[in-house]
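> structural data only, the sequence is not supplied:
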DNA sequence: GCCAACGTTGGC
DNA sequence: GCCAACGTTGGC
């Protein structure tokens, strides 16, 4: 395969992204201009690196509600941009302010996420009832990452459960 | 580079 | 509000 051909054939990837619905629910995202929101506030290097290095426009996203009465998958979205500097790191008024962030060398990034549709709430409890989903990162013990990769088989299983 | 202390996440 | 789990910080 030629270099040009191989670079043109990167496959679509899938992700689970946590959002606190009090801050940005799937309804909020769908109501935003172009159903698109800036995914701000990521303050974990591994999650940042996923955004910077691995996510591509068009990748599929399971939109997950966390830190709320009913945590679970609440919608489907997609990655809608590459990364750029997250301005909240420089804003002392923001809960995401990072006093160590250097405007000349931003350490935190965001990208755009476009909500596609709201689904029924596929709760964390229900996800745990499916042994075939046991490898989902969000179900794993001690998982705290706000962005995790979802393999294609799990993506399809989740979409099947949402039909 | 180790590792204890501390802070944060997030389900319950 | 509790607390397990994990990440980060900073002294050494």
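Yep, that arrived. Because the structure is predicted, anything quoted here is derived from the model rather than measured.
> now do the buried residues in stretch A:86-98.
A:86, A:88, A:89, A:90, A:96, A:98 (16 or more other C-beta atoms under 10 Å). Using the backbone N, CA and C atoms, a C-beta is placed for each residue, glycine as well.
> straight-line length of it, end to end?
End-to-end distance for stretch A:86-98: 11 Å, by C-alpha to C-alpha, to the nearest Å.
> now tell me what touches it from outside.
A:38, A:40, A:41, A:42, A:43, A:101, A:103, A:106, A:107, A:108, A:109, A:110 (C-beta atoms under 8 Å, 6 or more residues apart in numbering).
> cool, and stretch A:134-145?
A:16, A:18, A:44, A:46-47, A:64, A:124, A:127-128, A:133, A:148-151, A:154.
> what distance separates it from the centre of its chain?
14 Å (C-alpha atoms, centre = their mean, to the nearest Å).
> how about it and DNA strand C, any contact?
Yes. Stretch A:134-145 is in contact with DNA strand C by C-beta under 7 Å from any atom of the strand, via A:141, A:142, A:143, A:144.
> run a quick neighbour tally on the third one.
Neighbour count for residue A:143, taken as other C-beta atoms under 10 Å: 13.
> between which two of the residues of stretch A:134-145 next to DNA strand C is the distance greatest?
Comparing every pair within those by C-beta to C-beta identifies A:141 and A:144 as the most remote, at 10.6 Å.
> so where does residue A:127 fall, helix or strand?
Following DSSP states H and E, one finds residue A:127 within helix A:124-128.
> show me what that helix is packed against.
Packing partners of helix A:124-128 (3 or more C-beta pairs under 8 Å, 6 or more residues apart in numbering; DSSP states H and E): strand A:72-79.
> what's next to the strand it packs on, contact-wise?
Under C-beta under 8 Å, 6+ apart, the answer for strand A:72-79 is A:15-17, A:21, A:25-26, A:29-30, A:55-65, A:111-119, A:121-127, A:158-159, A:162.
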